[in-house]
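Undergrad: Fold the following for me, if possible:
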Amino acid sequence: MKEAGVKAWLPSLLRLVLVVLLIAFVTNPGWFEPLLKPLTENNAPAIYNQGSLLTLTLLHLRTVLIATVAATIVAVALAILVTRPAGVEFLPLSRSLVNIGQTFPPVAVLALAVPAVGFGEKPTLIALFLYGLLPIFENALTGLTTLPANVVEAARGAGMTGWQRLVKIELPLSAPIILGGIRLSVVISLATATIGSTVAARTLGEVIIAGLLSNNLAFVLQGGLIVAALAVLIYDGLSAIERYTARRMGQETA
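TA: I've put the predicted structure just below:
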């Protein structure tokens, strides 16, 4: 019993420790200098000194958030369109559109976007938006096409209009699956956003690129670890929301 109890709260404790360490590192990175100093050469700085890690982390998250929200709106709207009788014929076209982002490497998308929108955050947003469409669209499509037939028929028999069924039945029931696509999209975007610093976007890629240019492993490790910690925490958080939503929907349909 005691071992089972330990196993139950250990993951939560590890997540809490990771949150505390992440906050401490981005707000007071100097505390960790003794750990990173052995990774430097020729008295190079162990802590990134060309900007604030906290500011870069927040800007990195902002970029990912904007791109994910935009991708979610477009992908879910397309999934709704192609699951309506009037939009079924647009399914192949929609699939082709959302696959565009996966066809080109992120660097190629950035290179194509820079001449059109200039340097900075905009090319990165375009790349992340295109990369985020596919997993959200496919999950939304799966969720909307695998709804319990008896529930849908009951809603139709109750006199609900198509809009009412979509808002009150279809989207809530498919929400856990859609959240799974959003979770995957966010994790991909967190990693891909680092490349945006090659076109002057303010992301944690600045830290990694600075380390690569100066052969400073401590800088590279700092940027990589922060991105990895964010990915783990956000993945776990969205997974918890997904499980909660699935349980709630299961209780309501039972």
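Undergrad: which residues of the protein score low on pLDDT?
TA: Across the chain, the ranges flagged by pLDDT under 70 are 1-8, 250-254.
Undergrad: Where do the helices of it begin and end?
TA: Ranges of helices in the chain, per DSSP state H, are 2-27, 33-36, 53-82, 91-98, 100-103, 106-117, 121-145, 149-157, 162-165, 171-192, 205-213, 217-253.
Undergrad: I'd like to check the angle between the fourth one and helix 121-145, please.
TA: Here the directions of helix 91-98 and helix 121-145 differ by 150 degrees (axes from the mean of the first three to the mean of the last three CA atoms, to 10 degrees).
Undergrad: tell me which residues in helix 91-98 are buried?
TA: Buried residues in helix 91-98, counted by 16 or more other CB atoms under 10 Å: 94, 97-98. Quick note: C-beta positions are derived from backbone N, CA and C, even for glycine.
Undergrad: Which single one of those residues is nearest to A67?
TA: V98 (14.1 Å; CB to CB).
Undergrad: wait, what's in contact with the closest one?
TA: Listed by CB atoms under 8 Å, 6 or more residues apart in numbering, the contact set of V98 reads 75, 78, 133-134, 137-138.
Undergrad: Let me know the closest of those residues to G51.
TA: Among those, and counting by CB to CB, the member closest to G51 is L133, at 30.9 Å.
Undergrad: Ignoring the adjacent residues along the chain, who's closest to that closest one?
TA: Nearest residue to L133, sequence neighbours excluded (CB to CB, 6 or more residues apart in numbering): V98, at 4.1 Å.
Undergrad: what's the spacing between the one you found and L35?
TA: From V98 across to L35, the span is 43 Å (CB to CB, to the nearest Å).
Undergrad: repeat for R165
TA: 56 Å.
Undergrad: With neighbour numbers in mind, choose between the two.
TA: Taking other CB atoms under 10 Å, R165 and L35 do not tie; R165 has more neighbours (17 against 11).
Undergrad: which non-adjacent residue is nearest that one?
TA: Using CB to CB, 6+ apart, the closest residue to R165 is A155 (4.9 Å).
Undergrad: residue contacts, V227?
TA: Each residue near V227 by CB under 8 Å, 6+ apart is listed here: 60, 190-191, 194, 204.
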